[in-house]
Each structure stands twice: as structure tokens, then as C-alpha cells.
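Asks: next one to model:
(4 chains)
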2 protein chains.
Amino acid sequence: MTEKATPSPEAIKAWARLMRVSRQLVERAEDALKEGGLPPLAWYDVLHELAEAGEGGLRPFQLIERTLFAQYNISRLLARLEADGLVEKLPVADDGRGQTIRVTAKGRETRRRMWAVYGRSIAELVGARLSPDELNMVSALLGRLRHPPAGD
Amino acid sequence: MTEKATPSPEAIKAWARLMRVSRQLVERAEDALKEGGLPPLAWYDVLHELAEAGEGGLRPFQLIERTLFAQYNISRLLARLEADGLVEKLPVADDGRGQTIRVTAKGRETRRRMWAVYGRSIAELVGARLSPDELNMVSALLGRLRHPPAGD
DNA sequence: CGATTATCAATGCAATTGCATTTATGTAGA
DNA sequence: TCTACATAAATGCAATTGCATTGATAATCG
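Replies: Residues are numbered from 1 along each chain as shown, chains lettered A, B, ... in the order given. Model prediction:
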């Protein structure tokens, strides 16, 4: 019986910091994108995954696995991205239910412009505040909190 | 010229971990509350602040400062909390614009029941995965990422 | 004092999210 | 093959969020 109903003070503090800081950082990054007249972070996440996937594209359910977005959320996000011409939906040969999503040239360009802003935010908000060793420490410690405990 | 447009690989990795892990943990905690038929985390945050404030209560703008919620968000959240009888709004003597929000007995009870579930989530998701020293390390490192750099 | 500006909080409206369900297709077993 | 079940994705509807504005009171300044 290793169950603990009440967390230690150290755990509460770490949790509180994690919640607060992550919200602040997201907000900062979102604000920077907005100021640049660019789409929200969620769009970046999807465009990033699709860009990495290359010409083959990805199925929506693969995006769900990679991004943690809910199914209905991906469905509608892709609809918006398609409406903006940033991605295209292709039928899949061997599965009539599904489709393959591929990023367009315009989508790649948008991602590039977003990265110019987003990357700067990361550099300022995180890169400039901790040393490389400390950053690795953060990554390692947070990595132990993943669910399920492996595979990022 | 200490400006860096492109973040280091270490910074990118730490950022990615922070974004992903924090989202996962929030989702887990929210799911646990939902399973228990309890309100969302946002309610807990507000009830917690109000409980700490005691009989004197807090002004809405003070809640905004403490919780990072947007003004309209607090306004509506308080309306819902009031509709549920968890808080009460009192006029302020020396400022006709504002009100003081005070948690009710029912509000305290709801917070208590939420903590039983939320606290367990924190213990399981964070407390059980890192040692106290490691938790302190996380808190210290994340503390350096706060904005503005002081005052939590 | 009176006009101007600032602060506190609420709200109309559009966009997004969450939930449950639906539509469509694929797979497996009798 | 036909039926039952599983998976992929979309969608109707309610709830929440975001944005801009408004209403109301306070504070400041000429």
C-alpha cells in the first residue's frame, strides 16, 4: 500500500509551479504570435507535425496521437487549416473511412513565419533564463512525469 | 546584443517537455475530478484563493492577480460559483464599483471534496514519481522561468 | 466644482471547446 | 455472406472563452 492520498509539500509546490509557469509561458507565446498577426500555437503544432511527416502526410488519428488534441478538436482544426489553404485532405487508397492530411506550400510558409516568432519566444522565455545544463535537467525531470512513462 | 532569434536545442527540448507534460497532467487531474462528479480545476483555484483569504474575502481584481484568469473569465466564473451557492458577493463600503467575494460554507465543503481528489492526483502524478530533492529542483528551476521574475 | 481620465466589473457577440452521437467504412466471427 | 462489432472522422448542440465594448463609480486636474 504505497497509496498516498495527500501529496507532500514538495509535490504541491512543484505542481503549483508547473501549472503556473506553463500557463504563463503559453500565454506569452500566444501573445507574441497574436502581435505578429499569426495563428495560435495549436496551428503550429499541427503544421509542425505535418511538415515533419513530409509528402506522405499524416492521418488525422496520427495527429491526435502526436499532439494530444481531442478527436473533434483535430477534426475542426483541420477544417480551418484547409479553409485557409494550409493543408489539403487526400483520400486514402486502402481505407475509405480516412484521409491523409498534407501540408501545402502555403502551410510550410506559415509555419516558417510562426517559427520566427515562436522560436524567439522560446529563446527569450526559456533559453535565456537557464543554462544548457539546467535546461537538460528540466527536460530529464519533466520526462519522468510523462504519461505513459515512456515515448515522447 | 544578447538577442537570440533561434533557441538552442536544449531550450526547445525543455519547452516541448514543459508544454506536453503540463497539458497531460492537467488533463489527468481534470479527468479525475470529472470522474468524481466534481467541478473543474478552475473552480478549485478560485475556491482555494478565497478560502485562504478568509472572512474578509477578495475583490475580483485580486483574484485576477492571483490566478492569471482573464477579467471576463473571473466575472463569469464567479457568476457560476454564485449560482451554485459556493460564493457570495458583498457590496464594498468604500468603493461603489466593486464587490467582495466570500466563500460560503458550501464552497468550503466543495473545495474540501475537490482536494480529496485533486490532492491524490498530485501525489500520484508528481509526488510518486520524483524524490523530494528532485521536486525541489523542479520548483527551483521552474521558479526561474516566472514572469515577472519574482513574486509567486 | 466640472470635465477628463482611470479603474472595476459585466456583457453582446463570435469563435472555440466539450460531449454525445452520427455517418461511413472496415474487420471478424457464425 | 450476413451480422455484430470496431475504427475513422464529422457534427449538432450546449458550455466556455476571447474580444471589444459598456456601464458605473473613482480619482485627477484645471
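Asks: now the residue nearest to the spatial centre of chain A: which helix or strand?
Replies: Nearest to the mean C-alpha position of chain A, counting by CA atoms, centre = their mean, stands residue A:45 at 4.0 Å. Here residue A:45 is covered by helix A:41-53, with elements defined by DSSP states H and E.
Asks: show me the contact partners of that helix.
Replies: With CB atoms under 8 Å, 6 or more residues apart in numbering or on different chains as the test, helix A:41-53 has contacts from A:26, A:29-30, A:33, A:57-58, A:62-63, A:66-67, A:69, A:74, A:77-78, A:81, A:86-87, A:101-103, A:107-108, A:110-111, A:114-115, A:118. For every residue, glycine as well, the C-beta is placed using N, CA and C.
Asks: phi, psi for residue A:102 please.
Replies: Per-residue torsions, residue A:102: phi -130, psi 140 (degrees, to the nearest 10).
Asks: could I get the full set of strands for chain A?
Replies: A:87-91, A:99-103 (DSSP state E).
Asks: next, the angle from the last one to strand A:87-91.
Replies: In other words, strand A:99-103. In terms of direction (axes from the mean of the first three to the mean of the last three CA atoms, to 10 degrees), strand A:99-103 departs from strand A:87-91 by 150 degrees.
Asks: which residue sits closest to residue A:144 in space, ignoring its chain neighbours?
Replies: If the residues on either side of it in the chain are set aside, residue A:144 comes closest to residue B:129, at 5.4 Å by CB to CB, 6 or more residues apart in numbering or on different chains.
Asks: look up phi and psi at that neighbour.
Replies: Backbone torsions for residue B:129, taken as degrees, to the nearest 10, come to phi -110, psi -20.
Asks: against residue B:12, how distant is it?
Replies: Distance from residue B:129 to residue B:12, counting by CB to CB, to the nearest Å: 23 Å.
Asks: cool, residue A:37 as well?
Replies: From residue A:37 to residue B:12 the distance is 24 Å (CB to CB).
Asks: quick one, which of those two is more surrounded?
Replies: Set residue A:37 next to residue B:12 and count neighbours by other CB atoms under 10 Å in any protein chain shown: residue B:12 wins out with 18 against 8.
Asks: doesn't residue A:121 make contact with the more buried one?
Replies: No. If you go by CB atoms under 8 Å, residue B:12 and residue A:121 don't touch, sitting 11.3 Å apart.
Asks: picking that back up, any chance of JSON lines for the strands of chain A, columns distance to chain B, mean pLDDT and mean neighbour count?
Replies: Listed next are the strands of chain A as JSON lines, based on distance: least, CB to the nearest CB, whole Å; pLDDT from 0 to 100; neighbours: other CB atoms under 10 Å in any protein chain shown:
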{"stretch": "strand A:87-91", "distance to chain B": "21", "mean pLDDT": "95", "mean neighbour count": "15"}
{"stretch": "strand A:99-103", "distance to chain B": "19", "mean pLDDT": "96", "mean neighbour count": "20"}
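Asks: let me know whether the residue nearest to residue A:144 touches residue A:146 as I believe.
Replies: No. Applying CB under 8 Å as the test, residue B:129 and residue A:146 come out as separate, 9.3 Å apart.
Asks: next up, the contacts around residue A:69.
Replies: Here residue A:69 is in contact with A:42, A:45, A:46, A:63, A:77 (criterion: CB under 8 Å, 6+ apart).
Asks: name the residues of chain A found near DNA strand C, please.
Replies: Taking CB under 7 Å from any atom of the strand, the part of chain A that reaches DNA strand C is made up of A:42, A:70, A:71, A:72, A:73, A:76, A:77, A:80, A:94, A:95, A:96, A:97.
Asks: measure the third one to residue B:21 for me?
Replies: If I follow you right, that is residue A:71. 22 Å.
Asks: between these two, who's got more neighbours?
Replies: With neighbours defined as other CB under 10 Å, residue A:71 and residue B:21 compare such that residue B:21 has more, 23 against 11.
Asks: can you show me the helices along chain A?
Replies: Assigned by DSSP state H, chain A shows helices spanning A:9-35, A:41-53, A:60-67, A:71-83, A:105-122, A:132-143.
Asks: pipe the ones you listed into a markdown table and attach mean pLDDT per row.
Replies: Formatted as a markdown table, the helices of chain A follow (pLDDT from 0 to 100):
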| stretch | mean pLDDT |
| --- | --- |
| helix A:9-35 | 96 |
| helix A:41-53 | 97 |
| helix A:60-67 | 96 |
| helix A:71-83 | 97 |
| helix A:105-122 | 97 |
| helix A:132-143 | 98 |
